[in-house]
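Trainee: build me a model:
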Amino acid sequence: QVQLVESGGGLEQAGGSLRLSCAVSGRGAIGPVMAWFRQAPGKERDFVASIAWSGGNTYYSDSVKGRFFISRDNAKSTVYLQMNSLKPEDTAVYYCAAGRWGTAVGQYTYWGQGTQVTVSS
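Mentor: Sure, this is the predicted structure:
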């Protein structure tokens, strides 16, 4: 059974940094791409960044490009999201997901439980 478990969320001041982790078990069946999404209260779940297990190609949403960086450690089956220069509008529940290339929620099959990130002004 595939499991994705996020960690690393919390409360941070604007301008600060946080690093999220997503540990994956059952990797062989989850697809070639890992991604991070986020969902603020009352809003839809939005794409943040994605990375390929093989080759490490990455893709970012315009709202985080240059501030957030996605990486992976294949040996640990873990994906990271380094978030720098945080803004209050980055406040959301962050989810990691496994699936295939794309920015739509429907292109990802497996999801973590989410971790809260709150950025104070």
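
Trainee: checking the residue most central in space within the chain next. Helix, strand or coil?
Mentor: The residue lying closest to the centre of the chain (Cα atoms, centre = their mean) is residue 36, at 2.3 Å. The assignment at residue 36 comes out as strand when based on DSSP: H, G, I helix; E, B strand; the rest coil.

Trainee: bridging residues for it?
Mentor: residue 49, residue 96 (DSSP bridges).

Trainee: residue contacts, it?
Mentor: 20, 22, 48, 49, 50, 70, 79, 81, 94, 95, 96, 97 (Cβ atoms under 8 Å, 6 or more residues apart in numbering). Using the backbone N, CA and C atoms, a C-beta is placed for each residue, glycine as well.

Trainee: closest to residue 116 out of these?
Mentor: Comparing the contacts of residue 36 against residue 116 with Cβ to Cβ places residue 94 closest, at 7.8 Å.

Trainee: now the residue nearest to the centre of the chain: how far from residue 30?
Mentor: Per Cβ to Cβ, to the nearest Å, residue 36 is found 15 Å from residue 30.

Trainee: residue 101 now?
Mentor: Taken as Cβ to Cβ, the span from residue 101 to residue 30 is 14 Å.

Trainee: thanks again, I'm all set now.
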